[in-house]
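Engineer: following is a predicted model, sequence given first.
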Amino acid sequence: MSNYPKYDKYNIAKKKKKAGYYNRITTFFQNSRRILKVASKPSRKDYFLVFKICIIGIALLGVVSYVIQLIFSLLNITKWGQ
């Protein structure tokens, strides 16, 4: 034990031993099974909502990139045109 408690986690002697491969695999499958029990298939309404959000995001990115390209092309023409 040191005088600095926040550095105790770096102490080699106090480290926990890792769980074996078998324990990790069984824990993974237990958690996966639990998630699949709780999960449900999204409805048509949910799919359409996600579709609309994606289309709006793509359109916004396109508009922003077009405006930025337009601004830089206008700045480039006026800069080199003189």
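Structural biologist: Right, received. Where do you want to start?
Engineer: what's the separation between the residue nearest the centre of the chain and Tyr47?
Structural biologist: By CA atoms, centre = their mean, the mean C-alpha position of the chain lies nearest to Cys54, the distance being 15.8 Å. Cys54 sits 11 Å away from Tyr47, going by CB to CB, to the nearest Å. For the C-beta atoms, the positions are set from N, CA and C on the backbone; glycine is no exception.
Engineer: same check, this time on Tyr22
Structural biologist: As for Tyr22, its distance to Tyr47 is 39 Å (criterion: CB to CB).
Engineer: between these two, who's got more neighbours?
Structural biologist: Using other CB atoms under 10 Å, the more surrounded residue of Tyr22 and Tyr47 is Tyr47, with 11 against 8.
Engineer: and that one, helix, strand or coil?
Structural biologist: What DSSP: H, G, I helix; E, B strand; the rest coil gives for Tyr47 is helix.
Engineer: ok, now Lys18?
Structural biologist: Per three-state DSSP, Lys18 ends up coil.
Engineer: what's the local residue count around it?
Structural biologist: Around Lys18 there are 8 residues (other CB under 10 Å).
Engineer: using PDB, write down the CA coordinates of stretch 35-42.
Structural biologist: Extracted C-alpha coordinates of stretch 35-42, given in PDB (Å, rounded to 0.1, in the frame of the first residue of the first chain):
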ATOM      1  CA  ILE A  35     -29.800  -9.700 -25.600                       C
ATOM      2  CA  LEU A  36     -31.600 -11.800 -28.300                       C
ATOM      3  CA  LYS A  37     -34.400 -12.500 -25.900                       C
ATOM      4  CA  VAL A  38     -35.000  -8.800 -25.200                       C
ATOM      5  CA  ALA A  39     -34.500  -7.600 -28.800                       C
ATOM      6  CA  SER A  40     -37.400  -7.200 -31.200                       C
ATOM      7  CA  LYS A  41     -37.700  -6.700 -34.900                       C
ATOM      8  CA  PRO A  42     -38.300  -3.000 -35.800                       C
END
